[in-house]
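Q: Got a sequence here, can you model it:
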Amino acid sequence: MKSILPFAIQIAGALHLLVAGANFVLPGILHYRENLAKVSPIIRQIFLVHAFYIVLVLVGFGLLCLGFPHELSGGSSLGRCLSGFLAVFWSLRVILQFGFYDRATKRDHPLGNLFFGGIFTYFAAVFIAATFFGK
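A: Numbering: from 1, shown residues only. The predicted structure follows:
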C-alpha cells in the first residue's frame, strides 16, 4: 500500500486539474448565464467569485499532489495533516454529490454525476489511505 500511495496521489493531482478544467465547460452545460440572470447582482457576483476560487483551490490541490506526493503519503507530519484535511474535504464532497444535489439535475446528467462522484470518491479514498496508512 505504501509504495503505491505517491503514485495514487499523483493521479489525484492530475484529476484535480481535470476537475478544475471541467469548470470551464460546466457553465454552458448547467446554463449558468440563464440561471444567474434571475438573481440579484450581488448574488451573481458572489457566485462568480466563489466559482473562481473553487477553480483556484482545485489547481492548488492538483499542484500539491503532483509536486509533493511523498510528503502527502505520510513523509512528513505536515503532509499527513494536509492529507487528513483533504480526506475530510473530499469525503464531505462525496456526501454532497450523492445526497444533496438536485435529483432532477443528476437524472438529466447521470454520466456527469457518476464521473464527478467517482473522482471525488477516489480523492476521499486516496487521502484517507494516505492519512492512516502512509509511511
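Q: What's the separation between the closest residue to residue 68 other than its chain neighbours and residue 130?
A: Nearest residue to residue 68, sequence neighbours excluded (Cβ to Cβ, 6 or more residues apart in numbering): residue 79, at 6.6 Å. Heads up, the C-betas are built off the backbone N, CA and C, glycines and all. When distances are taken as Cβ to Cβ, to the nearest Å, residue 79 and residue 130 turn out to be 8 Å apart.
Q: Could you tell me which residues touch both of the two?
A: Both residue 79 and residue 130 are contacted by 72, 73, under the criterion Cβ atoms under 8 Å, 6 or more residues apart in numbering.
Q: what about those two, which has more around it?
A: In terms of neighbours (other Cβ atoms under 10 Å), residue 130 is the more surrounded of residue 79 and residue 130; the figures are 31 against 22.
Q: What residues sit buried inside the longest helix along the chain?
A: In the chain, with assignment by DSSP state H, the single longest helix is helix 41-67. By neighbour count, and taking 16 or more other Cβ atoms under 10 Å as the criterion, the buried residues in helix 41-67 are 44, 55, 58, 59, 61, 62, 64, 65, 66.
Q: Tabulate those residues (a markdown table), appending pLDDT and distance to residue 26.
A: Formatted as a markdown table, the entries for those read as follows, by pLDDT from 0 to 100; distance: Cβ to Cβ, whole Å:
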| residue | pLDDT | distance to residue 26 |
| --- | --- | --- |
| 44 | 96 | 16 |
| 55 | 98 | 10 |
| 58 | 98 | 12 |
| 59 | 98 | 15 |
| 61 | 98 | 18 |
| 62 | 98 | 17 |
| 64 | 98 | 23 |
| 65 | 98 | 21 |
| 66 | 98 | 23 |
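Q: Kindly reformat the residues you listed as a markdown table containing distance to residue 33.
A: Below are the buried residues of helix 41-67 laid out as a markdown table (distance: Cβ to Cβ, whole Å):
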| residue | distance to residue 33 |
| --- | --- |
| 44 | 10 |
| 55 | 17 |
| 58 | 22 |
| 59 | 23 |
| 61 | 27 |
| 62 | 27 |
| 64 | 32 |
| 65 | 32 |
| 66 | 33 |
